[in-house]
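Novice: Please work out how this folds:
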Amino acid sequence: MTKKNLLTLFCAAVAGTSAYAITVVNPTNFPGTVVDVGDGTYNIEADLSLGTSASSGSWDSTDGEYILDRAVFVTNGATLSLDAGVLVRGQPRDATNQPGTLCVTKDGFIDAEGTAADPIIFTTAADTSLGRWESGDTFLDSDPFNSPLPPLDPTDESVAYVNLWGAVTILGNAPCNAGYAADGVTPGIDFIEGYQLGTQTERIIYGGQRPFDNSGIFSYVSIRHSGDALAIGKEQQGLTLGGVGAGTRLEYIDIYCSGDDGIEIFGGTVGLKNIMLSYFDDDGLDLDQGYTGYVQFAFILGSSLGGPDGTNTVTVASSARSGGVVTVTSAYADGLSIGDTFTVSGIGFSSDDPNGTFTVASVIDSLTFTYADAGADETFTASTGTVTYTQSGETGLGADWLGEWDGEDDIPEDDNNISPTGQPFANPTLYNVTFMGPRDGTRQTLTGGVIRARQGFGGNVFNSIMVNTPAAVSGVFRIDTSTSTAPVDFGYASTSPEDQVAAGTLNFAGTLWYNVAANTAASIAKDGASSVEYAVLTNNTVMAPGAEKNFVGTNPQITGVSQTAPNGLNPVPSPVIAGSASRRVAYGATFFDEVSYIGAFAPSQTAALWTTGWTAMNLRGILVDSRGGDL
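Specialist: Residues are numbered from 1 along each chain as shown. Have a look, this model is predicted:
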C-alpha cells in the first residue's frame, strides 16, 4: 500500500497539537478577498490561492491546512485555487453554528489540481469528541494523508463518521430541465439543494443555456466525512454538481463517507472520469434533471460495514402534541430517519401506554423531529424526558441504490419541477463502471439495489461490471414505468424508462453481472422473467433493441471483496474475462478512452490502479495497489 510522504509539508508546530500552521478562510486572514456578507456566510470575491509550504506562486498561502468555519461561496468571477497537497477542513455543526461548507457559484471558478502523490483533501475539522475544533484541540481525522479515519467509530459501530461538516458544491450555467425560473424569467434555472433561500438565494442558482460552460478544474481530490446541509430538511452530497458544463474538467475524484449521496448531478453536460464512491449513506451516483454528460472509469462501492439494530438515547429539551403527532426539540437528533421506531419514557403518557410507541414522521432539522403515536388514545402530558429509539435498519452505513438515475423531477414530492417541454431529456452515457455491493461483511443488504432508472430517465450503460450484491426488496435492477406530464419530443416514444428501453433510448450493453441476487437474470430483474429488465439481461432485442453482450453468472474472477482486511478489496477482474472483445461494445464520443476491457480497472496483474496513492480506501490499506497486491 502506498503512503503519502509528508516530509515536504511539515513546518513548525502551531495551534497546540497540530503539525501545520492552520489558517481559517475568513476576512481577517484574507482581507478584501474574503467578505463577510452579514448572514453568517462568507464570499470569496477576488482570486484566492491556497497553497502549501512547498508551493510557489501562491501569494497568500501559508502551510497547507485551511479551515472553513461556515459556508463559503466563490462569487463575482473569482477563482479559488488549491495547490496540490492542500488540506481543507470543514467545521461540524453545533447548537449555534452551521457547518463549514464550500460552494463554487455559477459565476465563480475552482482550480483544484492535485496529483496522485499530492492529492487535495477535504475532510472534517471535528475534534476527538466530534465538536468544533478550537486552537489546541486534536483533530478526529488527525492524519488524513497517511491514516484516514475508518467509516465507523471503532468503539461503537452505530456511529458513522459522516455529516461531520458540509460538502463541496459546484454550480454552472449549462442546461437542466427544472421548471423553476430562479432568475425570475427563464425556466431551467433552479436553486441547488442543501442551502437556504433568502440571503443565499442569488448564490445558489444554477442552470442556463451554455452547454460548454466552464466552472474550472477538480482533479485528484478526495472528499471525506461530508453531508451536513445548511437548510432544514435538505441534503448535501460529497460532491453536488448543478448545471455544470462540458468545459469543466472533473477527474480523479474520491468520495468517502458521505451522509447522503456520493455524487449527485443536477442537469448539465459535464463529463467525469476516474471517480471512486464509497461509504455513502444514500445513493452512490445520483443523476437528475436532464443530465446529458459522460462518465467513464467509476468504482461505486456499497458499504458492508455495520451491525444489528441498535438503540440510542436522545434527551428531549421540549415537545408539543397536536393531532396525534408529537414535535420534539432535542439536544441533538441528527441521524434520525423517517420510519425509525421509538419507545418513549419520562415524557408522560396515559397509563394504557406509559412508554408510548412511535415512528418518526418527519425530520425537520438536526435538532427537531416529529413522531406519531402508535395508538390514538395516548394522552400527552409532559414536555421533557428521554427518547430511546431503535433504528429500523442495521446500524452503521448502508447504501440505498448504487446508481439512482432520474430524468426529471416531475412528481408531486418535487413540486412537479420540470420545464414546459421536459427538455433537455436525460441522456448520459456511462462506460467502464464497476458496481460492487455489500454481500460480504457484517452488513449484507442494500435498501435499494444496483441500478434504478426512473422518472423519464434515458441514456446508456456500456462495458461495466456489477458484482457482489444480494437480493433486495426493491429489486436489484429496476427500470420504472414512471412517465412525465411534459410533451414528448426528439423521437422519444415516451419519457417512461421502460418505454425508452423499447425505443432504444435507454440501453445496457457489454455488462457482466456476477454474484448478484441468485446469479440469474430472473432474480436480478425487478419483476422477473416477464420484465423489461429481464429482456435487457438476456439480450432480447425485440423488447430491448439496444441490449447486447450482457452476461449474467459469468465469474469475472475479482478476488477480493473484503472491506476490512488489509489488501482485502481487490476489484480488478481477470484479463481473460474482462479483456475479451466478445464482452464489450464499441466506444462513441471522443470523450471516452477506447480501452480493451470492461469495468473500472485495467485487468493487469502488476499495473497500479488509478485509485492508488490518493484515495482514502487505498491509504487505509484496504484497497489494493494492483491486482497482485502492494507495489
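
Novice: Quick one: residues contacting the residue lying closest to residue 248 once chain neighbours are set aside.
Specialist: With sequence-adjacent residues excluded and distances taken as CB to CB, 6 or more residues apart in numbering, residue 248 is closest to residue 215, at 4.4 Å. Yep, even glycine has a C-beta here, placed from its N, CA and C like the rest. Residues in contact with residue 215, defined by CB atoms under 8 Å, 6 or more residues apart in numbering, are 104, 106, 108-110, 170-172, 244-245, 247-248, 270.

Novice: thought residue 94 was touching residue 130?
Specialist: No - the pair residue 94 / residue 130 is not scored as a contact, 9.6 Å apart, by CB atoms under 8 Å.

Novice: Now the common contact residues for the two.
Specialist: Overlap of the contact sets of residue 94 and residue 130 (by CB under 8 Å, 6+ apart) is empty.

Novice: one step back: quick one: the residue nearest to residue 248 from residue 429, how far?
Specialist: Computed as CB to CB, to the nearest Å, the residue 215 to residue 429 distance reads 21 Å.

Novice: again with residue 176
Specialist: Computed as CB to CB, the residue 176 to residue 429 distance reads 17 Å.

Novice: Which one's more surrounded, the two?
Specialist: Neighbours per residue, other CB atoms under 10 Å: of residue 176 and residue 429, the larger number sits with residue 176, 32 against 20.

Novice: What residues does that one make contact with?
Specialist: 188, 190, 206-207, 242-243, 266-268, 289-291, 424.

Novice: ok, the residue nearest to residue 248 to residue 26 distance?
Specialist: Distance from residue 215 to residue 26, by CB to CB: 24 Å.

Novice: low-scoring pLDDT stretches of the stretch 201-350 of the chain, where are they?
Specialist: 232-233, 306-350 (pLDDT under 70).

Novice: can you give me the helices in the protein?
Specialist: For the chain, the helices defined by DSSP state H occupy 497-503, 521-524, 532-537, 575-578, 616-619.

Novice: looking at the ones you listed, which is closest to residue 152?
Specialist: helix 616-619 (13.5 Å; CB to CB).

Novice: tell me the mean pLDDT for that closest one?
Specialist: For helix 616-619, the mean per-residue pLDDT is 98.

Novice: Export only the CA atoms of that helix, formatted as PDB.
Specialist: The C-alpha trace of helix 616-619 is given here as PDB (Å, rounded to 0.1, in the frame of the first residue of the first chain):
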ATOM      1  CA  ALA A 616      -9.000   7.000   1.300                       C
ATOM      2  CA  MET A 617      -9.500   3.300   0.900                       C
ATOM      3  CA  ASN A 618      -6.100   2.800  -0.600                       C
ATOM      4  CA  LEU A 619      -4.400   4.900   2.000                       C
END
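
Novice: can you give me how far it is from the chain middle?
Specialist: Centroid displacement of helix 616-619 relative to its chain, using CA atoms, centre = their mean, to the nearest Å, is 17 Å.

Novice: could you say what helices and strands that helix packs with?
Specialist: strand 249-258, strand 272-280 (3 or more CB pairs under 8 Å, 6 or more residues apart in numbering; DSSP states H and E).

Novice: Quick one: residues in contact with the last one.
Specialist: Looking back up the chat, that one is strand 272-280. Here strand 272-280 makes contact (CB under 8 Å, 6+ apart) with 151, 160, 162, 237-238, 250-258, 260-263, 284-285, 293-301, 303, 305, 397, 399, 593, 610-611, 615-617.

Novice: Flag every buried residue along stretch 222-231.
Specialist: Using 16 or more other CB atoms under 10 Å as the test for burial, stretch 222-231 gives 222, 223, 224, 225, 226, 227, 228, 229, 230, 231.
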